[in-house]
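Engineer: this one's sequence-less:
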């Protein structure tokens, strides 16, 4: 969202982000997946929060190089400014007590899942793919950043 914000502006980026998350809910209701997974309320909450943090980074860094913007995003993640769903050591989503919530037990109508959005994580499994001028953080890829 930070890269998008510096490209098309904050207002248009926010509108696009909200529309995307609204579309995720509509897709969920139809049983459609995004990146192979049904979306849920916690993921949407996380995305909307992180979108706003990305727009803040964009607002404060309008004229920086793309690579510098990427570093600012990674720094924000390391500093605990972004919300990240809690996972166990194997990367499985958990509730706030660390209990794994298996995806296989999820029903089509389970929008509210017992996942946890802690203020700061110890370990985060992610990759930041660059698609056009946007950055998306995905939880199923293989690069690890260790957050102090």
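Structural biologist: Looks like it arrived, so ask away. Keep in mind that what you see is a predicted model, and the values were worked out from it rather than measured.
Engineer: list the contacts of the most centrally placed residue in the chain.
Structural biologist: Centroid-nearest residue in the chain: residue 47, 4.5 Å away (criterion: CA atoms, centre = their mean). The contact partners of residue 47, by CB atoms under 8 Å, 6 or more residues apart in numbering, come to 17, 20, 21, 24. Placement of C-beta: from N, CA and C, glycine included.
Engineer: recalculate using a threshold of 6 Å.
Structural biologist: If a contact means CB atoms under 6 Å, 6 or more residues apart in numbering, then residue 47 has residue 21 as its contacts.
Engineer: go on, the one 3 residues further on?
Structural biologist: By CB under 6 Å, 6+ apart, the residues touching residue 50 are residue 82.
Engineer: repeat that for 7 Å
Structural biologist: Counting by CB atoms under 7 Å, 6 or more residues apart in numbering, residue 50 touches 82, 83.
Engineer: and residue 10, what's its pLDDT?
Structural biologist: On pLDDT, residue 10 comes in at 93.
Engineer: can you give me the distance of the closest residue in space to it that isn't next to it in sequence to residue 63?
Structural biologist: Setting aside the residues directly before and after it, residue 10 is nearest to residue 55 in space (CB to CB, 6 or more residues apart in numbering), at 5.2 Å. Using CB to CB, to the nearest Å, we find residue 55 at a distance of 16 Å from residue 63.
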